[in-house]
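Q: Quick check, what structure comes out for this input:
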Amino acid sequence: MQTAGARPLFGGAMSAAFPSNATDVSVLRDIPDNQEVFVHAQTDQSLIVELVEYQADVADQDAARYHLEDIACSNGVVGASEVTGALELPKAELCLSECRSAWMITGAQCVSKFNEEARNAVTVHLGVIRLPQFSTDVLVTFNDPQSISPGSSSAASVQAQGEPWTLQDFQRLLQTASLHDPGLFG
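A: Numbers count the residues shown, from 1 in each chain. Just a heads-up that it's a prediction; the model follows:
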C-alpha cells in the first residue's frame, strides 16, 4: 500500500510519510546502503530508517532498549542513556502488516557530531519494527536536540524560527512505513 505523501526508501522497496521539509542527506554525503537519513535544515533534527540484523536472542519487548543502547555505544554516548519505558505499537495501526511486533522507546543522550569535543543533549525516539521472517529489524530513529553546545558544528545552522518536527511526525512515519518489495532483504 502506498501512503499519500510517502517518500520512497531503499530504491522504492519501502516507503513512509516524512514531514514535507525533510531533506534527504544522501544528496549531501554518502550514506550506508542500509540507511535512509533525512534532516531538518533549521533545527538539526534527523529521521533515520535503518535495516539491521534481526536479533533472535532479544525478546520483542526488549528489542527497542537493545537497539537504543547499541546506537548509544556507536555514537560514543557519555554515560548511560536515560530511558523511558518501551511501548508496544498496535499492529492494527501499522501499514507494515508483515511485522511480528513493533515497539517505541524514548531516551536522552549526550552526543557529539562528527567526533567533536562539544556534546549536545538529544532526545532519541526509537521505533523498532521486527521482521524475523526477513532476518531484519527496521529501526526508525528521531533525533531531537534539546540543547546544542555553542562549540558544536550544529550551533551555526540552528535557527530559532524553524518549525520543529514533533513526536506525532515520528509516529506517522512509523505507522506509514510500508514494504513494497521483499527482495530488499535478499
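Q: which secondary element of this structure has the worst mean pLDDT?
A: Every helix and strand in the chain was compared by mean pLDDT, DSSP states H and E; the lowest is strand 82-88, with a mean of 82.
Q: in the chain, which spans are helices?
A: In the chain, the segments counted as helices under DSSP state H are 60-74, 167-176.
Q: where among those helices is the average confidence lowest?
A: Mean pLDDT is lowest for helix 60-74 among the helices of the chain, at a mean of 89.
Q: Against which helices or strands is that helix packed?
A: On a contact count with 3 or more Cβ pairs under 8 Å, 6 or more residues apart in numbering; DSSP states H and E, helix 60-74 meets strand 82-88, strand 101-111, strand 120-131, strand 136-147. Where you see a C-beta, it was placed from the backbone N, CA and C, and this is true even at glycine.
Q: how about these in TSV, adding mean neighbour count?
A: What follows is those, written out as TSV (neighbours: other Cβ atoms under 10 Å):
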stretch	mean neighbour count
strand 82-88	13
strand 101-111	21
strand 120-131	22
strand 136-147	20
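Q: Quick one: closest of the ones you listed to residue 34.
A: Residue 34 lies closest to strand 136-147 among those, at 9.4 Å (Cβ to Cβ).
Q: what bridges to the residue nearest the centre of the chain?
A: In the chain, the centroid-proximal residue (Cα atoms, centre = their mean) is residue 141; its distance is 1.5 Å. With DSSP bridges as the criterion, residue 141 is bridged to residue 48, residue 126.
Q: Help me confirm that it comes into contact with residue 50.
A: Yes: counting by Cβ atoms under 8 Å, residue 141 touches residue 50, with 7.1 Å between them.
Q: hmm, back to that, Throw the helices of the chain into JSON lines and include distance to residue 84, thanks.
A: Converted to JSON lines, the helices of the chain look like this (distance: least, Cβ to Cβ, whole Å):
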{"stretch": "helix 60-74", "distance to residue 84": "10"}
{"stretch": "helix 167-176", "distance to residue 84": "12"}
